[in-house]
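In: Here is a sequence with its predicted model. Questions after.
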Amino acid sequence: MKTPNPTKTSKLKHPDLMTIVKRHRLPAVVIALGLLGVAQAQEGAPSEWLDRMASAVQTASYEGTVIRIQNDNVEALKVVHVVADGVVREKVIVQEGNGLEIIRNGNEVQCILPDKQSVLVEEWNDQSALFSSLPSGDIRFGSEYDVAIVREERVAGRKTVLLAIRPHDEFRFGHRIWLDIETGFPLQTKLIAQDGAAIEQVRFADIVLGEDIHASALAPSISTENFRWFTQPKRKISHIVDSPWQSDELPSGFRVVSTHEETLSGRDAVVTHILYSDGLANVSVFIEPASDRKIARQSSVGSSNSYSVETDGFRVTAVGEVPSATVQKIATSMRPN
């Protein structure tokens with residue numbers, strides 16, 4: 001991977017650049033498409049399929065074409081994903097539009113925008129964020145979901161078994177995951193709304209699993225020699241045990257997973273970040289001093305929803321791949337002790 005010339009590197013100043021990159025960053029459900037390990041389709045309970053997911057997440061390497069459908073938007077993505085010695089290396093090329101490329105080497109990510117002749121360099125610290133739409137192997141679903149093996153189907157020319165995860169209320173989405181019978185690799189996923197409509201679909205059109213991938217397949221396909229380089233400042237994070245902020249009306253099953261303080265890019269104030277989870281759905285709550293900075297009260301991008309409200313001189317924003325009713329309920333129920 002080419003190291004940027006220090007004389008060409010500067011702090012990110014172009015707001016549109018970040019917007020473009022964030023739009024095309026692979027959602028958790030896309031990048032996670034190589035990551036579940038299971039036994040034969042006819043063997044074992046759904047919980048056993050989920051139990052074997054964690055080890056596969058750490059080891060799966062693959063190469064293929066992903067079709068992503070979100071609302072009326074359809075995208076094709078070329079993906080090369082390699083895990084070696086616990087380090088993730090990846091290349092994603094968007095086949096339409098400006099031909100955005102995302103090159104990952106461990107925690108460092110380079111987002112190459114050919115039409116702007118620019119490269120954004122940033123750090124992705126939390127690998128689990130890539131798989132936020134899929135359950136992890138150490139999760140046991142409670143009464144909020146039913147999990148069942150439905151039937152066998154074919155996806156990308158391979159036999160799969162369909163795993164259905166159905167919520168019991170309106171505060172979470174459902175999931176359909178098509179797992180390759182031979183390897184347990186998820187070849188297709190759907191995020192399902194309460195009315196049964198697919199909010200987001202991700203499907204491999206073709207895929208190569210379990211074969212050695214040459215290092216050259218991970219190299220950028222575009223020369224960035226004369227491009228401008230922008231460096232996104234690193235977040236400063238400090239973990240804390242307790243926070244005076246709590247929700248007095250959480251949806252059933254949600255609990256605090258972690259709490260920490262961080263300084264976000266472009267902000268001077270310290271932000272408290274509380275992560276809630278029900279074992280499958282995650283909601284992040286950001287709490288910062290209220291300011292004159294304008295922010296949308298409610299917004300939605302694909303499957304992700306957010307809701308902001310001011311409480312006791314603080315701005316509280318809840319964000320997650322959950323229904324809008326969930327982020328609104330959590331944001332409006334946050335109170336300082």
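Out: That came through, no problem.

In: same for the host helix or strand of Val309, what does it pack against?
Out: Val309 is part of strand 304-311 when elements are defined by DSSP states H and E. Helices and strands touching strand 304-311, as assessed by 3 or more CB pairs under 8 Å, 6 or more residues apart in numbering; DSSP states H and E, comprise strand 298-301, strand 314-320, helix 324-333, strand 334-336. Glycine gets a C-beta too; all of them are placed from N, C-alpha and C.

In: residues of that strand that come out buried?
Out: Of the residues in strand 304-311, 304-309, 311 count as buried by neighbour count, 16 or more other CB atoms under 10 Å.

In: for the stretch 1-150 of the chain, what are the low-confidence residue spans?
Out: Low-confidence segments of the stretch 1-150 of the chain (pLDDT under 70): 1-44, 51-58, 125-142.

In: at 80 what do you get?
Out: The stretch 1-150 of the chain contains residues with pLDDT under 80 at 1-59, 71, 124-143.

In: Show the contacting residues for the residue nearest to Val316 when sequence neighbours are not counted.
Out: Distances taken as CB to CB, 6 or more residues apart in numbering put Met334 closest to Val316, at 4.8 Å, once the chain neighbours are dropped. Neighbouring residues of Met334 by CB atoms under 8 Å, 6 or more residues apart in numbering: 245-247, 285, 287, 311, 316, 318.

In: Tell me which residues touch the closest residue to Gln328 other than its chain neighbours, please.
Out: The shortest distance from Gln328 to any non-neighbouring residue, by CB to CB, 6+ apart, is to Tyr307 (4.4 Å). Taking CB under 8 Å, 6+ apart, we find Tyr307 in contact with 297-298, 317-318, 324, 327-328, 330-332.

In: Show me which pair in the residues you listed is furthest apart.
Out: Arg297 and Ile330 (14.4 Å; CB to CB).

In: hmm, back to that, make JSON lines out of the contacts of Tyr307 and add neighbour count, distance to Gln201 and pLDDT.
Out: Listed next are the contacts of Tyr307 as JSON lines, based on neighbours: other CB atoms under 10 Å; distance: CB to CB, whole Å; pLDDT from 0 to 100:
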{"residue": "Arg297", "neighbour count": "12", "distance to Gln201": "29", "pLDDT": "85"}
{"residue": "Gln298", "neighbour count": "13", "distance to Gln201": "24", "pLDDT": "83"}
{"residue": "Thr317", "neighbour count": "21", "distance to Gln201": "28", "pLDDT": "94"}
{"residue": "Ala318", "neighbour count": "27", "distance to Gln201": "25", "pLDDT": "95"}
{"residue": "Ser324", "neighbour count": "13", "distance to Gln201": "20", "pLDDT": "94"}
{"residue": "Val327", "neighbour count": "27", "distance to Gln201": "22", "pLDDT": "95"}
{"residue": "Gln328", "neighbour count": "18", "distance to Gln201": "25", "pLDDT": "95"}
{"residue": "Ile330", "neighbour count": "26", "distance to Gln201": "27", "pLDDT": "96"}
{"residue": "Ala331", "neighbour count": "25", "distance to Gln201": "28", "pLDDT": "95"}
{"residue": "Thr332", "neighbour count": "15", "distance to Gln201": "31", "pLDDT": "94"}
